[in-house]
Every structure is written in structure tokens, then in C-alpha cells.
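S.K.: got a predicted structure here, sequence first:
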Amino acid sequence: MQETLQKYLRAFEKLRIDRAHGIAPHKPILLLSILQTFQIGINNSQRIYISPELVALFKSNWSLLVISNHDCRFALPFYHLTSDKFWKLIPKPGFENILQLSASLRSFANLNAAVDFAVTDEDLLALMNDKKSNGILQQFLLDKYFPET
């Protein structure tokens, strides 16, 4: 499991993040929030749903950790994590083609209408379900992306 943990620590370190206006905190906040859903028992599945609990954790983490002028927008990282290879979106029936149009999924309403859930790699799922590995991943995200907090 140590080798797998190192793989995802590297992946989290190299997240494809918008840097046009400083490092965008959206993906790290979403990943931290997802890890917390596993930690507190809201989720233990490979399927990551757009749930009220996940959105609430995202907003709470945002208010606690983000000191930049970025907007708190849940839809952006949920969609754009697909560029990081360990995250895949599963569309709702009839919305298969809309996932190719990122501009269509910038709003929460459109994302929620088109996406059934996201799935993570099996290896990442195992780490999220392992208490120690989950804690290491959370601490890494905090140290890497929010060192001032």
C-alpha cells in the first residue's frame, strides 16, 4: 500500500490547476472534502455523488482554508478533475455528449443535471477507506496547498 500511497501523493502534488490568478484552490478543496466524507463515514464507495454533505464540506473547507480571491465554485473541480486521470465522470442517461463540452458544466445546476456521479481509481478508493492513508492524503493537501492555515 505504501507504493500506491506514494503514487497518489505525487498525483495530488501535480494536480492540473489553473494558475492564471494564483494557484486555484478548487481541486485541493474538493479532494480534501471527498477524503473527509470517507473519514466520517458518509461514503465508502468508488462512486462520488454530488451530495448535500459533500457540497457542505466543500463550502466549509473553502471558508476555513481559502484566503485568495477565487470564487467558491463546486462545479469547476468536480468536472475538471477528469484531467488528473484518477477521476472519471459518469453521465446521467441522455447526457453522454454534454460531458465533452466543459463550458456547459460550469454551473452547479448543469453539472448536477448532467452528471450521475464520478468514480475514482480502485487504488485511490482503497487509500480513502484506509484511516491512516486517508489522514496522510488530507495532511498532504493541507501542507501543499494551504501552508498558511
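M.R.: It's in.

S.K.: pretty sure residue 117 sits against residue 50.
M.R.: Yes - using C-beta atoms under 8 Å, residue 117 is in contact with residue 50, at 7.5 Å. The C-beta positions use only the backbone N, C-alpha and C, and glycine is treated the same way.

S.K.: what residue ranges in the protein are flagged as low confidence?
M.R.: Counting by pLDDT under 70, the ranges of the chain that qualify are 18-22, 99, 101-104.

S.K.: that one: helices as residue ranges?
M.R.: With helices called from DSSP state H, the chain shows them at 2-13, 26-39, 52-65, 75-80, 108-114, 122-129, 131-145.

S.K.: so what does the longest one touch, helix or strand wise?
M.R.: Translated: helix 131-145. If you count contacts as 3 or more C-beta pairs under 8 Å, 6 or more residues apart in numbering; DSSP states H and E, helix 131-145 packs onto helix 2-13, helix 26-39, helix 122-129.

S.K.: and the helices of the chain as TSV, adding mean neighbour count and distance to residue 97?
M.R.: Below are the helices of the chain laid out as TSV (neighbours: other C-beta atoms under 10 Å; distance: least, C-beta to C-beta, whole Å):
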stretch	mean neighbour count	distance to residue 97
helix 2-13	14	28
helix 26-39	23	24
helix 52-65	15	25
helix 75-80	22	15
helix 108-114	16	10
helix 122-129	18	27
helix 131-145	16	33
